[in-house]
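1. Here is my input, please return the structure:
(one chain, ligands or ions: 1)
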Amino acid sequence: MNKLSHRYTTIQKTIRSHDYEYYILDDPSISDQEYDELFRELKQIESKHPDWITPESPSQRVGIKPENDFATFKHFQQMLSLANAFNAEDLKNFNDRILKNLGTDKQIDYFCEPKMDGAAVSLIYEKGILTKGVTRGDGTIGEDITSNIRTIRSIPLTLKESESSFPDLLEVRGEVFIRKSDFDALNQRANKNGEKVFANPRNAAAGSLRQLDPAITSGRPLAFFAHGIGLCQGKEFIDLQEIFSVFLSWGLPVNSLNKLAVSVDECLKYFQEIESSRDNIPFEIDGVVFKVNELTFQKQLGQIARSPRWAIAHKFPAEEALTEIENIEFQVGRTGILTPVAKLKTVNVGGVNVSNCTLHNLDELKRLDPRVGDVAVIKRAGDVIPKMVRVIPKKKNRANAVEAPQKCPCCHSPIVLNYQSEWTVIDSSKSKPVKKFASKYEAQKFLETNQSISLNISEEQLDTPFIKCSGGNNCPEIFQGKFTHFVAKKAMDIDGLGQEILFALINKKFIKDFADIYSLKEHRAELEKLERFGEKSVDNLIKSIDKSVSVELYKLVFSLGIEEVGETTARNLANVFGSMEAIQKSSFEDLIAVPDIGPRVAAKISDYFCDDENTASLETLLPCLHIINPDIKTSNKDMKFFGLQIAITGKISPMSRDEVKNLLMSEGAKVTSSISKKTDYLIAGENAGSKLEKAKTLGVRIVDAVDINTFVNDPKKFS
Ligand code: IVH
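-> So this is what the prediction gives:
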């Protein structure tokens, strides 16, 4: 009997020590099977001697289910929240206030920690034994979630004996969280079982803690880091550094990324380090926290409202945000394609207010299934446009799924599926396909060169996830969109033709075609009579139109709004063909030989120049312009930056950012705004920030913007 009871205590101790090795030291000394074996033995003894079981036994993590709701619990010491800093200046001001309040000009130490994106809890240990786990609640009163807290395996039910004696009573403050990989697995499982998926790891952690049945909580991959202390009776500490090292010795998990900084500059360095390694950190963080290290200073500084004066959270720009979907509209673009767009209750994501979010096409709409009243998870990374990551369906009275419209919301023309056509030349005498083409033009050319009475062309329409307004130029949205694109900065750059003036001139039928823009000055007197068109505004308009007459070929090509022809393709066309005439005459084969142009894009381009309306429009437009043709680059090798991906950051001078971008692109570079492993060079100007840091960590070659001329002339010097 005595022997068995001794064995029982030994097993308990052994299991605890393995828990410590696993959760604190991250260095287990036994296999999972050996651990399970110990656990089985423990349970076997307990089944024979139920009277031996105490709540601290490692087997007692999943306890009994509370009856109705959680009991409330008043924290011994309030759980405070943190004030926020969003930039270096906020942080410097925080430091200045502290030094002023402490009456010193000597730098003080700050304890730096990642700001965990989880749920705050308070754990009460009485003489080393976990007696309560409480949610933060409103900071004063929380909910008693002890049974759920006990299921978290990295939270010790009894503190580990160490050189430091246990306080009589100790409130350990910290964060319950879920690692990114565990979160993904959790959601995958939920998805597979048709259960609700969680919006993010924080919601999953908080939701798991509030389960009435601890058995459910125990199945969730919750983890814990201690980040503070509340009431502590029967023990004194000097500073945070000491607290956390004692915590570790007691088996309480503490974040290994924590660090002591001896100045505000070191704090900033810590922020940058953590921000640049954020993607590689296994759990979600939303900033870092700086805390005055010394407890006597903390006491002296006190608190305002609910935040301590001695701590601040330096937040990263938020990357994900939740907001309500107010409506889903279909917007008609200049090509007639209808794009589903979610109208959102405005939300700040990464420092930018977002109230619209494109859903791209019908496939994406079906995948996300957003409905009015649902909550959308919106993500924005760097300069990238906001993206809807997933939708949390409204629980009650959910709206109907969004259906694609039958009529154009603008001109009421029927909506057609935007099929992608494939053209097959068929030998009708043998009823056999001869050759397939991505463009009608090419198929026709094939017919011309292979004259035979039995050859025919047949069109096959392949499905795409896009729908289109069939109204063409009669649809005001399409027509206005075409001209908005034509006058835009990156296109013909006519800044006097802002949207309001442009639409007024379209409505009054002054502008029916591109060339009409260039004959507006002949209608000067009539224009001046129009509402809101004074002498001066007409002057400005005419001046900016005159300025746009002289245009680089690639800009003109881009401004035509040919489907699939963006800025880069327009540049490539201009560089390869050297004149509008040559582009117009180009064959499908010529086009697919251009960098970045495949058969689909080539088909769009040749279709554009085959269309009578387009050729007529160009015939009147071209004589109005003075086109600046580039030197023909007969081969890609003539382009200094061909195939290179270059990013630009910071303030660039004396050339403007656009000038630098143009220069690089005209030599074949792909200029991006974000940095990735694929980036070849980063041009870094003044005040280059996180992109520069990221480039350094990724080993991207960095060119100081002051050396831009040397770089452009001889990039090899920088390799
Ligand atoms: S210290 C008095 N440290 O952020 C200081 N909080 O607004 C109070 N949080 O609800 C908290 N990581 O749950 C501190 N390393 C960290 C933290 C952290 C996350 C949460 C905490 C609290 C909120 C403060």
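
2. Name the residue of the stretch 151-300 of the chain that lies nearest to the ligand.
-> residue 227 (3.7 Å; Cβ to the nearest ligand atom). Using the backbone N, CA and C atoms, a C-beta is placed for each residue, glycine as well.

3. Show me where the stretch 551-700 of the chain has its strands.
-> Using DSSP state E, counting those that start in this stretch, the strands found in the stretch 551-700 of the chain span residues 626-628, 645-649, 670-672, 681-684.

4. closest to residue 169 out of the ones you listed?
-> Among the strands of the stretch 551-700 of the chain, strand 645-649 comes nearest to residue 169, with 52.2 Å by Cβ to Cβ.

5. CA-only coordinates of that closest one, as CSV, when you get a sec.
-> Taking Å, rounded to 0.1, in the frame of the first residue of the first chain, the C-alpha atoms of strand 645-649 are listed here in CSV:
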residue,chain,number,x,y,z
GLN,A,645,12.1,42.5,-60.7
ILE,A,646,12.9,45.8,-59.0
ALA,A,647,11.1,47.5,-56.0
ILE,A,648,11.3,51.1,-55.0
THR,A,649,10.9,52.5,-51.5
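
6. tell me what it is packed against?
-> helix 657-666, strand 670-672, strand 681-684, helix 690-698 (3 or more Cβ pairs under 8 Å, 6 or more residues apart in numbering; DSSP states H and E).

7. Residue numbers of the stretch 301-450 of the chain in contact with the ligand?
-> 308, 311 (Cβ under 6 Å from any ligand atom).

8. In what element of secondary structure is whichever residue of the stretch 1-150 of the chain sits closest to the ligand found?
-> Proximity of the stretch 1-150 of the chain to the ligand (Cβ to the nearest ligand atom) peaks at residue 120, 2.9 Å away. Using DSSP states H and E, the secondary-structure element containing residue 120 is strand 119-126.

9. Kindly report the same for residue 542.
-> helix 535-548.

10. ok, residue 126 to residue 233 distance?
-> 9 Å (Cβ to Cβ, to the nearest Å).

11. which residues touch stretch 577-589?
-> 437, 439, 441-442, 445, 553, 556-557, 573-574, 590, 599, 602-603, 605-606, 609, 615, 618, 622, 627, 629-632 (Cβ atoms under 8 Å, 6 or more residues apart in numbering).

12. for the stretch 401-550 of the chain, which spans come out with low pLDDT?
-> Residues of the stretch 401-550 of the chain meeting the criterion pLDDT under 70: none.

13. in it, what residue is nearest the ligand?
-> For the stretch 401-550 of the chain, Cβ to the nearest ligand atom, closest residue to the ligand: residue 402, 37.1 Å.

14. related to what we said a few turns ago, worst average pLDDT in the strands of the stretch 551-700 of the chain?
-> Mean pLDDT is lowest for strand 670-672 among the strands of the stretch 551-700 of the chain, at a mean of 80.

15. re the thing from before, mutual contacts of residue 126 and residue 233, please.
-> 168, 169, 170.

16. quick revisit: alpha carbons of the very next helix or strand once past the strand holding residue 120, as PDB, please.
-> The first helix or strand that comes after strand 119-126 along the chain, using DSSP H and E, is strand 129-135. What follows is strand 129-135, C-alpha atoms only, in PDB (Å, rounded to 0.1, in the frame of the first residue of the first chain):
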ATOM      1  CA  ILE A 129      -1.300  25.500  -6.400                       C
ATOM      2  CA  LEU A 130      -3.500  26.700  -9.200                       C
ATOM      3  CA  THR A 131      -6.800  27.500  -7.600                       C
ATOM      4  CA  LYS A 132      -8.500  29.800 -10.200                       C
ATOM      5  CA  GLY A 133      -8.400  30.900 -13.800                       C
ATOM      6  CA  VAL A 134     -10.400  34.000 -14.700                       C
ATOM      7  CA  THR A 135     -11.100  35.900 -17.900                       C
END
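
17. can you list the residues that contact strand 129-135?
-> Here strand 129-135 makes contact (Cβ under 8 Å, 6+ apart) with 56, 70, 73, 75, 119-125, 142-146, 148-150, 155-159, 209-210.

18. Just the ones of those residues in helices?
-> Counted as lying in helices by DSSP state H, out of the contacts of strand 129-135, are 146, 148, 149, 209.

19. Many thanks, I have nothing further to ask.
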